[in-house]
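# After the sequence you'll find the predicted model.
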Number of protein chains: 2
Amino acid sequence: MSDQQNPREAAGAANAATQQGPDTELDDFICFAVYESNLAFNNLYRSLLGDIGLTYPQYLVMTLLWRRDGRTVREIGDALSLEYNTLTPMLKRLETLGLVSRVRDEQDQRVVNVTLTAEGTALQKKAQAIPQCIAEATGLSLTELKDLKARLDTLRANLRNGGQE
Amino acid sequence: MSDQQNPREAAGAANAATQQGPDTELDDFICFAVYESNLAFNNLYRSLLGDIGLTYPQYLVMTLLWRRDGRTVREIGDALSLEYNTLTPMLKRLETLGLVSRVRDEQDQRVVNVTLTAEGTALQKKAQAIPQCIAEATGLSLTELKDLKARLDTLRANLRNGGQE
DNA sequence: CGCATATCAATCGTGCACGAGTTAATCGTT
DNA sequence: AACGATTAACTCGTGCACGATTGATATGCG
């Protein structure tokens, strides 16, 4: 098959379309590369997390709680850049799975505190191998990963600032 | 507020949790960085594309067709790494919007050919400014973007290979 | 105190992404 | 020609992500 599909074709349309020269050819490249990398991570996590019955976003929440138990919905949302309308159903699913408990705060009745159950704490053991698997699957050295992360963090910070102007 | 939530806290849990040393501390970092960058891009595109009534994945499909009109569902899926069960409803929405038409292939009745309508072609003009906006929002130089894209492409290729072993 | 305002969380509706399963058309082999 | 295997597309169900809206609690200010 000679119809070679690469990201260039998908994201580089601006050049062919608007004749703005090679400078704009990269614009969509980077977002498409991020989009595709995210899809690839999602699929990898799906296969790794399927055994323990978590989705990737659920795993991120559990990871937060394993690191420090007892957080409000807002704190979790801040950490993961997610809104209540995403988190509330997700936390309810984790509650249904018996991994966390959701309890109204005594002092401030508006707040819901999310804590690990014994089962939720125990699950950490089964998830131990996952970070190592992910790191190996990237095929990158520690130095490369560190560097790539730093660049992505810069990108993300810029996007958030620029998007709100 | 001293409760500074950063990606480190969300994705670096492996270290504190499993005491495996600094080497595993980065494992989840990179996927989280990609996850957050993707969220940031999605939100940026949402604000930019809201005016012309497209979502980001829809924009990617339109970009493909603007570059070369007349593609099968399979070709679009290959280009975007998406399955039929994602694309079929999406293409139907684009059809409902009057931007594309979906027609069974005469030679091979299994195949559905997707082509731009006049309205779909015309929409390209309104979308012209978007790549430039995105590029500026990244706050990165062309060299930096090019480099970052290359690294992400490598990462993605590795993930796909490693995920299927 | 009393009332406007802000905050926390939840609900509803839409769209993306994928696993699983289905249907219909084509291909390959005999 | 016939029939099993493959391929293209679709449907259904689940979960994530977000805009818009709502409700209930807490805070601030006159």
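Everything's here; your move. Numbers count the residues shown, from 1 in each chain, chains lettered A, B, ... in the order given.
# continuing past the helix or strand of chain A at the bottom of the mean pLDDT ranking, what's the next helix or strand?
Ranked by mean pLDDT, DSSP states H and E, the weakest helix or strand in chain A is helix A:13-18, scoring a mean of 39. Per DSSP states H and E, helix A:13-18 leads on to helix A:27-49 as the next helix or strand towards the C-terminus.
# Might you enumerate the residues of chain A proximal to DNA strand C?
A:35, A:39, A:42-43, A:46, A:72-74, A:77, A:84-85, A:87-89, A:91-92, A:102, A:108, A:110-113 (CB under 7 Å from any atom of the strand). Glycine gets a C-beta too; all of them are placed from N, C-alpha and C.
# In strands only, show me the residues you listed.
If you go by DSSP state E, those have A:72, A:102, A:112-113 in strands.
# which one of these is nearest B:Gln132?
A:Thr72 (40.1 Å; CB to CB).
# Around the closest residue in space to that closest one that isn't next to it in sequence, how many other residues sit close by?
Leaving aside its sequence neighbours, A:Thr72 sits nearest to A:Val111 (CB to CB, 6 or more residues apart in numbering or on different chains; 5.1 Å). Per other CB atoms under 10 Å in any protein chain shown, the neighbour tally for A:Val111 reads 14.
# same thing with A:Leu159?
For A:Leu159, the neighbour count with other CB under 10 Å is 24.
# Would you verify that it is located in a helix?
Yes: judged by DSSP: H, G, I helix; E, B strand; the rest coil, A:Leu159 forms part of a helix.
# And the pLDDT for the residue lying closest to it once chain neighbours are set aside?
Using CB to CB, 6+ apart and skipping the chain neighbours, the partner closest in space to A:Leu159 is B:Ala40 (4.0 Å). With respect to pLDDT, B:Ala40 scores 94.
# correct me, but B:Ala40 touches A:Arg156?
Yes: B:Ala40 is in contact with A:Arg156 according to CB atoms under 8 Å; the separation is 4.9 Å.
# Flag every buried residue along stretch A:74-84.
Within stretch A:74-84, the residues scored as buried using 16 or more other CB atoms under 10 Å in any protein chain shown are A:75-82.
# Make sure A:Ile76 is actually in contact with A:Leu60.
No: using CB under 8 Å, A:Ile76 is not in contact with A:Leu60; the gap is 9.0 Å.
# how does chain A divide into domains?
Following automatic domain parsing, chain A resolves into domains at A:8-52, A:54-121, A:129-165.
# center of chain A, which residue is that?
A:Pro57 (6.2 Å; CA atoms, centre = their mean).
# That one and A:Leu91: what is the separation?
Remark: distance between A:Pro57 and A:Leu91 (CB to CB, to the nearest Å) = 11 Å.
# circling back: OK, contacts around the residue nearest to A:Thr72?
Shown in contact with A:Val111 (CB atoms under 8 Å, 6 or more residues apart in numbering or on different chains): A:72-74, A:104-105.
# can you name the two of those residues that are farthest apart?
Most distant of these, by CB to CB, are A:Arg74 and A:Arg104, 13.6 Å apart.
# CSV please, covering the ones in strands among the residues of chain A next to DNA strand C and showing pLDDT and neighbour count.
Converted to CSV, these look like this (pLDDT from 0 to 100; neighbours: other CB atoms under 10 Å in any protein chain shown):
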residue, pLDDT, neighbour count
A:Thr72, 97, 15
A:Arg102, 97, 14
A:Val112, 98, 18
A:Asn113, 98, 17
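# rewinding a little: just give me the closest of the contacts of A:Val111 to B:Gly50.
Closest approach between the contacts of A:Val111 and B:Gly50, by CB to CB: A:Arg74, at 26.2 Å.
# B:Cys31 is nearest to which of the domains of chain A?
The nearest among those, by CB to CB, is domain A:8-52 at 4.7 Å.
# hang on, isn't A:Leu65 packed against A:Thr117?
No: A:Leu65 is beyond contact range of A:Thr117, at 10.2 Å (criterion: CB under 8 Å).
# which residues do those two both contact?
A:Val100.
# of the two, who's got more company?
Set side by side, A:Leu65 and A:Thr117 show more neighbours around A:Leu65, with 21 against 15, by other CB under 10 Å.
# which helices and strands sit right next to the helix or strand where A:Ala150 lies?
Following DSSP H and E, the helix or strand that holds A:Ala150 is helix A:142-163. Using 3 or more CB pairs under 8 Å, 6 or more residues apart in numbering or on different chains; DSSP states H and E, the elements in contact with helix A:142-163 are helix B:27-49, helix B:130-138, helix B:142-163.
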